[in-house]
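Novice: next one to model:
(2 chains)
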There are 2 protein chains.
Amino acid sequence: MTDMNRQWCVADAPGGSGLGLTHEQFEYREAAIPEPRDGEVLIRNVYFSCDPMNHAWVKGMEERFRAIPIGQPMCGGVAGRVVASRHPDFKPGDAVTGFLEFADYVTTGAFDRTGTPLQRIPTDFSLASGLATLGMTGLCAYFGLADIGKPTLGDTVVVSGAAGAIGTIAGQLAKLSGARVIGIAGGGSKCAMLTGELGFDAAIDYKAEDVAARMAELAPRGIDVFFDNVGGGILDAALANMAHGGRIVICGGIAGYNAQAPGLHNHMALAMRGCTMAGFFFFDHVGRFAEGVARLADWMRGGHIKEVLDIADGFDKVPEAALGQFMGANRGKQLVKIVEDPGT
Amino acid sequence: MTDMNRQWCVADAPGGSGLGLTHEQFEYREAAIPEPRDGEVLIRNVYFSCDPMNHAWVKGMEERFRAIPIGQPMCGGVAGRVVASRHPDFKPGDAVTGFLEFADYVTTGAFDRTGTPLQRIPTDFSLASGLATLGMTGLCAYFGLADIGKPTLGDTVVVSGAAGAIGTIAGQLAKLSGARVIGIAGGGSKCAMLTGELGFDAAIDYKAEDVAARMAELAPRGIDVFFDNVGGGILDAALANMAHGGRIVICGGIAGYNAQAPGLHNHMALAMRGCTMAGFFFFDHVGRFAEGVARLADWMRGGHIKEVLDIADGFDKVPEAALGQFMGANRGKQLVKIVEDPGT
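Specialist: Now for the predicted structure:
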């Protein structure tokens, strides 16, 4: 602990191509610890979440994320403990998550920077799990599958970015639905994790294998559900291998963030095979967060979902961790732990 | 009339790029008029329908359309009169449509070459209307909008290929739903037809205007429904201009048939704005043809849909008419009339 408030701010530096961030855009600053006003809480952040959304926020995106002004702290998913409260619903020791500044300490009312209510973490889970599997990561996997993918008994489900944050959960949830699940990941060791500890039925190593050919081989009757975290050529290969009536969940498009991904050429498969390709905007589902968290928590308690966390240690690790996910450096959910959980 | 049966067959000639056909692939042949066997009817074809599907059939496509062997007659939508019947449900004079050979006379059982039941044309409509607005063309517009696009009061609907067969109907059906409708077509005169006789609210001339910029101008709050007959760059521009929760109907992709269309780069808009992009395979909906035809017929009877027919006259016009639609030569539905309707 310190009396000083460390922050990661948006520097006045050129960005990478597309939505890509560079190390130079992260500026370390120090400030005073803020005082909560009436109706606010003071939160001691413990974990930061590294998500592609961090990039969108810094650069601005399509009116969804206004660009954070230069010199202001970056925002993202955080988990922490209330250390002082002037809000009747919160008391010191409460474990909360929200989209807030990447700083040691933040003050906020009951709604975070996206206008979403601060979320409480179930008391039998760690702050890390509250931010990962019971946070945006797990919820995206759940909403994407439950609302769009709708996997069921005997379906063949393919997940891209399968060794990443959402992919590891999406694949396991698809298994719970009685589907056969194939994951796509980069490298033999990630693929071994999928078919080993996470129970996927098969894996495709996109760095070593012809993805389209392997899809055709592993899903000879076509792909019923494609859960996409990647976009580009892998999505195009999936389009070419969809089963009649198949569903494509557009969850992420990490291939498109840093460089110009190859365009899609096979979209007419949607018509020829009566398929649906749909995305969802996470914050539209705020009314269902409680339902999703309750289900995910029960599946974790029952041992049906294994959580894969990739935790960088220390406030100074934020730029490296935030940028690393675009090179596939992480396994599962990339978090940065900035301090030990002070507890209740 | 003649005792000889003219046919357009698949010639042993190189095809165009992609799915494109060339004049050289059409071979004129003459044969004897076939005799219906027990359970069959003999149909005197009166109209042929020119559809992109003709190409798919000749070249074969993704197990959906097995390629027609060289030397065999081409197939497609036809409308004609039963002239002899050995099937209890049909009698001479019955007006029918189906997917059958491009010949003067064909024999068939109660199911056509796609396995779809022969369709009867309501007696107060012409054979041409039975093949066009009450056939695959009108039904594709209806199913695409009713099942996927779901336009409603106050929505902004954009239709590409709007001066074509399905586009002219889709735009008018969207108007019936209370939406504001913008059509995209090539050339001032087609655009004038859309905003003039067909009642579209606005038109974009893709040959003269910047489609993406005009979409943004004409749909400042975004596109709620995009009904796509084209694919390529126009679909990509629409993706960039979708409203939150918008629906994209993938009906056709004529841009992709003859040449390599530009790929799609904006698919992540589906996630950022919670949009859906879906197609449908026409023959999946056979159980609902009767419902669709009944609705379309009533809208036509009420004067709510104006039918735009582009009718080439004469058996010899088939290759020119079938190829012309890929250059945007037609307005509305391209048919070839091969003989006067002999009537009941």
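Novice: what residues are up against the closest residue to A:Glu24 other than its chain neighbours?
Specialist: Spatial nearest neighbour of A:Glu24, excluding adjacent residues (CB to CB, 6 or more residues apart in numbering or on different chains): A:Ala13 at 3.8 Å. Placement of C-beta: from N, CA and C, glycine included. Counting by CB atoms under 8 Å, 6 or more residues apart in numbering or on different chains, A:Ala13 makes contact with A:Thr22, A:Glu24, A:Gln25, A:Glu27.
Novice: inside helices: which ones of those residues?
Specialist: Residues of the contacts of A:Ala13 located in helices (DSSP state H): none.
Novice: and the pLDDT at A:Thr123?
Specialist: For A:Thr123, the pLDDT comes out at 95.
Novice: and the closest residue to it other than its chain neighbours, how many neighbours does it have?
Specialist: Nearest residue to A:Thr123, sequence neighbours excluded (CB to CB, 6+ apart): A:Ala95, at 7.3 Å. By the measure other CB atoms under 10 Å in any protein chain shown, the count of residues near A:Ala95 is 23.
Novice: wait, isn't A:Ala95 in contact with A:Ser129?
Specialist: No. Look at A:Ala95 against A:Ser129 with CB atoms under 8 Å: they stay out of range, at 10.3 Å.
Novice: any common contacting residues for the two?
Specialist: In contact with both A:Ala95 and A:Ser129: A:Ile121, using CB under 8 Å, 6+ apart.
Novice: not counting sequence-adjacent ones, nearest residue to the residue in chain A positioned nearest to chain B?
Specialist: Proximity of chain A to chain B (CB to the nearest CB) peaks at A:Gly263, 1.8 Å away. Using CB to CB, 6+ apart and skipping residues adjacent in sequence, the residue nearest A:Gly263 is B:Gly263, 1.8 Å away.
Novice: SS state for the residue nearest to A:Glu24?
Specialist: coil (DSSP: H, G, I helix; E, B strand; the rest coil).
Novice: pLDDT value on it, please?
Specialist: 84.
Novice: phi, psi of it?
Specialist: For A:Ala13, the backbone dihedrals are phi -140, psi 150 (criterion: degrees, to the nearest 10).
Novice: cool, A:Val46 as well?
Specialist: Torsion angles, degrees, to the nearest 10, at A:Val46: phi -120, psi -40.
Novice: isn't the residue of chain A closest to chain B right next to B:Leu239, touching?
Specialist: No. With contact defined as CB under 8 Å, A:Gly263 does not count as touching B:Leu239 (11.1 Å).
Novice: the two: who's more crowded?
Specialist: B:Leu239 (24 against 20).
Novice: what residues are up against the closest residue to that one other than its chain neighbours?
Specialist: Closest residue in space to B:Leu239, ignoring its immediate chain neighbours: B:Asn266 at 3.7 Å, by CB to CB, 6+ apart. Residues near B:Asn266 by CB under 8 Å, 6+ apart: B:Asp236, B:Leu239, B:Ala240.
Novice: and A:His87, by the same measure?
Specialist: A:Pro36, A:Gly39, A:Glu40, A:Val41, A:Gly109, A:Ala110.
Novice: of those residues, which is the most crowded?
Specialist: A:Val41 (25 neighbours).
Novice: wait, it sits on A:Val82?
Specialist: Yes. A:Val41 lies in contact with A:Val82 (CB under 8 Å); the separation is 4.9 Å.
Novice: overlap in contacts of these two?
Specialist: Contact criterion CB under 8 Å, 6+ apart; residues shared by A:Val41 and A:Val82: A:Phe90, A:Asp94, A:Val96.
Novice: how about the contacts of A:His87 in a markdown table, adding pLDDT?
Specialist: Shown next, in a markdown table, are those (pLDDT from 0 to 100):
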| residue | pLDDT |
| --- | --- |
| A:Pro36 | 97 |
| A:Gly39 | 98 |
| A:Glu40 | 98 |
| A:Val41 | 98 |
| A:Gly109 | 97 |
| A:Ala110 | 97 |
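Novice: wait, which of those residues is closest to A:Gly302?
Specialist: A:Ala110 (31.2 Å; CB to CB).
Novice: that closest one and A:Leu118 touch, don't they?
Specialist: Yes. In this structure A:Ala110 lies within contact range of A:Leu118 using CB under 8 Å: 5.8 Å.
Novice: mutual contacts of those two, please.
Specialist: With CB under 8 Å, 6+ apart as the test, A:Ala110 and A:Leu118 both reach A:Phe90.
Novice: please tell me how far the residue nearest to B:Leu239 sits from B:Gly233.
Specialist: Relative to B:Gly233, B:Asn266 is positioned 10 Å away (CB to CB, to the nearest Å).
Novice: what's the answer for A:Ala237, then?
Specialist: Taking CB to CB, one finds A:Ala237 at 22 Å from B:Gly233.
Novice: who has more neighbours, those two?
Specialist: For A:Ala237 versus B:Gly233, neighbours defined as other CB under 10 Å are more numerous around A:Ala237 (24 against 18).
Novice: for that one, which three-state class applies?
Specialist: helix.
Novice: for it, which non-adjacent residue is spatially closest?
Specialist: Computed as CB to CB, 6+ apart, the closest residue to A:Ala237 that is not its neighbour in sequence is A:Ala212, at 3.8 Å.
Novice: what about the one you found, neighbour count?
Specialist: Residue neighbour count, defined by other CB under 10 Å, stands at 18 for A:Ala212.
Novice: state the number of residues packed around A:Lys91.
Specialist: Counted with other CB under 10 Å, A:Lys91 comes out at 12.
Novice: can I assume it sits in a helix?
Specialist: No. Looking at A:Lys91 with three-state DSSP, it is coil, so not inside a helix.
Novice: any chance you could map the helices in chain A?
Specialist: Using DSSP H, helices in chain A cover A:52-59, A:127-131, A:136-143, A:165-176, A:188-195, A:211-218, A:232-240, A:255-258, A:269-272, A:289-301, A:318-324.
Novice: what are the C-alpha coordinates of the second one, in CSV please?
Specialist: What that stands for is helix A:127-131. Provided in CSV are the C-alpha atoms of helix A:127-131 (Å, rounded to 0.1, in the frame of the first residue of the first chain):
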residue,chain,number,x,y,z
LEU,A,127,-11.6,-11.3,-7.1
ALA,A,128,-9.8,-12.8,-10.1
SER,A,129,-12.7,-15.2,-10.9
GLY,A,130,-15.2,-12.4,-10.4
LEU,A,131,-13.4,-10.4,-13.0
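Novice: average pLDDT for it, rounded please.
Specialist: On average, helix A:127-131 scores 98.
Novice: what helices or strands is it leaning on?
Specialist: If you count contacts as 3 or more CB pairs under 8 Å, 6 or more residues apart in numbering or on different chains; DSSP states H and E, helix A:127-131 packs onto strand A:41-49, strand A:75-85, strand A:95-101, strand A:333-337.
Novice: would you format these as JSON lines with distance to A:Gly138 included?
Specialist: Formatted as JSON lines, the helices and strands packed on helix A:127-131 follow (distance: least, CB to CB, whole Å):
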{"stretch": "strand A:41-49", "distance to A:Gly138": "12"}
{"stretch": "strand A:75-85", "distance to A:Gly138": "12"}
{"stretch": "strand A:95-101", "distance to A:Gly138": "12"}
{"stretch": "strand A:333-337", "distance to A:Gly138": "9"}
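Novice: between those, which gets nearest to A:Ala174?
Specialist: Nearest of these (CB to CB): strand A:333-337, 17.7 Å.
Novice: what do A:Gly263 and B:Leu239 both touch?
Specialist: B:Leu264.
Novice: get me the contact residues on chain A for chain B.
Specialist: Within reach of chain B by CB under 8 Å from any CB of the partner chain, chain A has these residues: A:61-62, A:64, A:231, A:235-236, A:244, A:250-253, A:256, A:260-265, A:267-281, A:284.
Novice: swap the cut-off to 7 Å and go again
Specialist: A:61-62, A:64, A:231, A:250-251, A:253, A:256, A:262-265, A:267-268, A:270-281, A:284 (CB under 7 Å from any CB of the partner chain).
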